[in-house]
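Novice: the sequence isn't on hand, but the structure is:
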């Protein structure tokens with residue numbers, strides 16, 4: 001079963017990489033692409049399959065379930081009240097809604113939460129995440145990696161009318177408290193997952209075991225996404241943001257994993 005899951009994850013990774021590269025090349029060449037309604041489920045499937053292969057089916061289901069439930073509740077409260085992220089609403093571009101929130105949105109949270117968590121695991125290699133301080137650091141780094149992603153994803157989506165901020169905001173039309181809400185929400189999701197995971201599985205921590213190309217796939221996707229935001233034809237100020245909020249963390253995460261491996265081979 002594990003081999004089948006890994007094979008499926010590799011296949012979806014290849015498809016997902018094609019979708020991202022097609023977006024990068026659209027400045028020069030128009031290639032078939034699925035749009036948000038096709039892209040989000042594909043990316044979510046990759047994150048779920050990879051988590052299944054790396055964490056086991058039970059822990060992956062727990063991570064997925066907690067993320068979807070918590071993010072949906074927070075989004076629904078956010079749309080209804082405007083308190084968490086600022087006043088906003090979703091258009092109909094993302095398809096079917098459950099009350100005020102498109103079904104794709106909580107799936108999109110997990111598609112981003114898992115790779116961001118793996119990036120943070122790489123950046124914190126050597127930190128004991130079994131201890132409370134290490135667990136909090138992992139949750140914070142993961143939340144910052146994911147919020148940095150949203151900082152370059154949100155403005156183009158707003159321009160496309162996928163969601164609408166009432167009254168706009170100073171950051172490309174987005175209110176700054178949106179990003180405070182992202183950090184807090186994702187920080188809570190990571191902490192809840194780690195706490196429930198420890199209680200149910202009796203594991204000492206959510207440490208991620210690096211080794212081999214497969215374990216790097218979420219970081220590669222995260223970094224490739226960053227490259228897409230700095231490709232020609234993008235909004236120039238936003239490309240600068242992407243370099244520091246996504247591309248640099250992605251490259252540092254890869255370096256933290258690959259360079260020690262190179263040192264060990266040299267010895």
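Specialist: Thanks, I have it. Note that the structure is a prediction, hence the values are computed from the model and not measured.
Novice: enumerate every residue touching the residue nearest to the spatial centre of the chain.
Specialist: Ranked by distance to the mean C-alpha position of the chain (CA atoms, centre = their mean), the top residue is residue 112 at 1.7 Å. Under the criterion of CB atoms under 8 Å, 6 or more residues apart in numbering, the neighbours of residue 112 are 146, 149, 150. In short, each C-beta sits where N, CA and C put it, glycine included.
Novice: neighbour-wise, which of the residues you listed leads?
Specialist: When neighbours are counted as other CB atoms under 10 Å, the busiest of those turns out to be residue 146, with 27 neighbours.
Novice: which element is that residue on?
Specialist: Of the helices and strands defined by DSSP states H and E, residue 146 is found in helix 132-159.
Novice: buried residues in that helix?
Specialist: Using 16 or more other CB atoms under 10 Å as the test for burial, helix 132-159 gives 134-135, 137-155, 157-158.
Novice: what is the burial count for residue 91?
Specialist: 12.
Novice: now it: how far from residue 73?
Specialist: When CB to CB, to the nearest Å is the yardstick, residue 91 and residue 73 sit 21 Å from each other.
Novice: run the chain-centre distance for stretch 121-133.
Specialist: The offset between the C-alpha centroid of stretch 121-133 and the centroid of the whole chain comes to 19 Å, using CA atoms, centre = their mean, to the nearest Å.
Novice: gap between the two ends of it?
Specialist: The straight-line separation of the ends of stretch 121-133 (CA to CA, to the nearest Å) is 14 Å.
Novice: buried stuff in that stretch?
Specialist: Within stretch 121-133, the residues that qualify as buried by neighbour count (16+ other CB under 10 Å) are 121, 122, 123, 124, 127, 129.
Novice: now the fourth one. Its backbone dihedrals?
Specialist: What it means is residue 124. When quoted as degrees, to the nearest 10, the phi and psi of residue 124 stand at phi -100, psi 20.
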